[in-house]
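Q: Have a look at this prediction, sequence included:
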Amino acid sequence: MELIVPILAAAVRSGTPILYATLGEIITEKSGVLNLGLEGVMLIGAFTGFIVSYNTGSSFYGLAVAFLVGILVNLIHAFLCISLKANQVICGLAMTMFGTGISSLLGRGYVGETIEGINVLALPGLSSIPLVGPVLFSQDVMVYLSYIMVFVVWFLIFKTKFGLMIRAVGDSPLSAEAAGISVSTVRYAATLLGGGFVSLGGAYMSVAYSHMWVDLMTAGRGWIAVALVIFAIWHPFRAALGSYLFGGVEALQMRIQAGGTTIPAPLLMMLPYVLTIAVLVIISISKGKGRLLGAPGALGLPFYREERE
């Protein structure tokens, strides 16, 4: 038990930035917009959150500004894909390269700098519960917020009128338009809100997880989040389980390295990404009728108002 509890607690902590990014991408993809630029947006969020926290001394300001910057960055993707109807795959890859480049350029002077950031805040009473307490309730505020956000995103998508509109434009934009829903407006809103969540996941990396800025610090977590959306079949609850699963693999890899092993370190670092590939293969095998099970019907497809069936 003494060995398992720290690994499980680290799994939750390591999975939190992936969870924020996955929740954001679920919102975006539910509207029919595919965004493969999560890695770039997370890096921009990580840099923004760190530099604002570093210069203001406030982690709250850092996270808030990172969320807003994520919205602004995704506005570029939304304009290209929704208004100009550009290829969503190409635009997403371009966003990744843009985010990677600009965060590296602007962050050169801050590499290795540290901040106080957000520290662990054990919840009185709850943190004393055997096994569950140390794992779930001896974390930081952003982890606790992520628990709430899973339910908030679920409620937003499946229990609200706006969520119904998101699902409608994602599955059948022509039918949604016939029902009086503005497809472009809903897709813009979903894409921008999703971008804020993704950027917040990146900010968590620098402000709460490591308390420092390191170039390319997201280390592929954005791509893991893209795969997790499929793994979760576009559902927030399964996204949480998947995020902690991937976080657990990363935590286990770090624990094995720290304990000393003859296995080469690069091979251990590959574990989360090997799992990502395995998940994609399994999901792809089970796909039916030309599209992945549970995927929005119009995912990745531009909407042309003049088209009629």
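A: Done, it's in.
Q: Below-threshold pLDDT in the chain: ranges please.
A: Across the chain, the ranges flagged by pLDDT under 70 are 1-2, 259-262, 265, 268, 283-294, 306-309.
Q: how about a cut-off of 80?
A: Under the criterion pLDDT under 80, the flagged ranges of the chain are 1-3, 253-294, 305-309.
Q: could you point out the longest helix in it?
A: For the chain, the helix that runs over the most residues, judged by DSSP state H, is helix 4-30.
Q: Flag every buried residue along that helix.
A: Of all the residues in helix 4-30, those buried under the rule 16 or more other Cβ atoms under 10 Å are 5, 8-30. For every residue, glycine as well, the C-beta is placed using N, CA and C.
Q: helices or strands up against it?
A: Packed against helix 4-30 by the contact rule (3 or more Cβ pairs under 8 Å, 6 or more residues apart in numbering; DSSP states H and E) you find helix 38-56, helix 132-136, helix 141-159, helix 161-171, helix 183-204, helix 221-231, helix 236-259.
Q: possible to save those helices as a markdown table with mean neighbour count and distance to residue 120?
A: Written out in a markdown table, the entries for the helices and strands packed on helix 4-30 read as follows (neighbours: other Cβ atoms under 10 Å; distance: least, Cβ to Cβ, whole Å):
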| stretch | mean neighbour count | distance to residue 120 |
| --- | --- | --- |
| helix 38-56 | 27 | 17 |
| helix 132-136 | 17 | 11 |
| helix 141-159 | 17 | 9 |
| helix 161-171 | 20 | 33 |
| helix 183-204 | 26 | 14 |
| helix 221-231 | 25 | 21 |
| helix 236-259 | 19 | 15 |
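Q: Select, out of the ones you listed, the one closest to residue 297.
A: Ranking the helices and strands packed on helix 4-30 by distance to residue 297, with Cβ to Cβ as the measure, places helix 161-171 first at 4.3 Å.
Q: so what does that closest one touch, helix or strand wise?
A: Counting by 3+ Cβ pairs under 8 Å, 6+ apart, the elements that helix 161-171 packs against turn out to be helix 4-30, helix 141-159, helix 173-178, helix 183-204.
Q: got the angle between it and helix 183-204?
A: Taking axes from the mean of the first three to the mean of the last three Cα atoms, to 10 degrees, one finds that helix 161-171 is oriented at 100 degrees with respect to helix 183-204.
Q: Work out the gap between helix 161-171 and the centre of the chain.
A: Relative to its chain's centre, helix 161-171 lies at 20 Å (Cα atoms, centre = their mean, to the nearest Å).
Q: Please apply the same query to stretch 181-194.
A: Once both centres are worked out by Cα atoms, centre = their mean, stretch 181-194 turns out to sit 18 Å from its chain's centre.
Q: can I have that stretch written out in PDB, keeping just the CAs?
A: This file holds the C-alpha atoms of stretch 181-194, laid out as PDB (Å, rounded to 0.1, in the frame of the first residue of the first chain):
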ATOM      1  CA  ILE A 181     -29.500  27.100 -35.200                       C
ATOM      2  CA  SER A 182     -26.600  29.200 -36.400                       C
ATOM      3  CA  VAL A 183     -24.000  26.500 -37.200                       C
ATOM      4  CA  SER A 184     -21.100  29.000 -37.400                       C
ATOM      5  CA  THR A 185     -21.900  30.700 -34.200                       C
ATOM      6  CA  VAL A 186     -22.200  27.500 -32.200                       C
ATOM      7  CA  ARG A 187     -19.000  26.100 -33.700                       C
ATOM      8  CA  TYR A 188     -17.100  29.300 -32.900                       C
ATOM      9  CA  ALA A 189     -18.300  29.200 -29.300                       C
ATOM     10  CA  ALA A 190     -17.400  25.500 -28.800                       C
ATOM     11  CA  THR A 191     -14.000  25.900 -30.500                       C
ATOM     12  CA  LEU A 192     -13.100  29.000 -28.400                       C
ATOM     13  CA  LEU A 193     -14.300  27.500 -25.100                       C
ATOM     14  CA  GLY A 194     -12.400  24.300 -25.900                       C
END
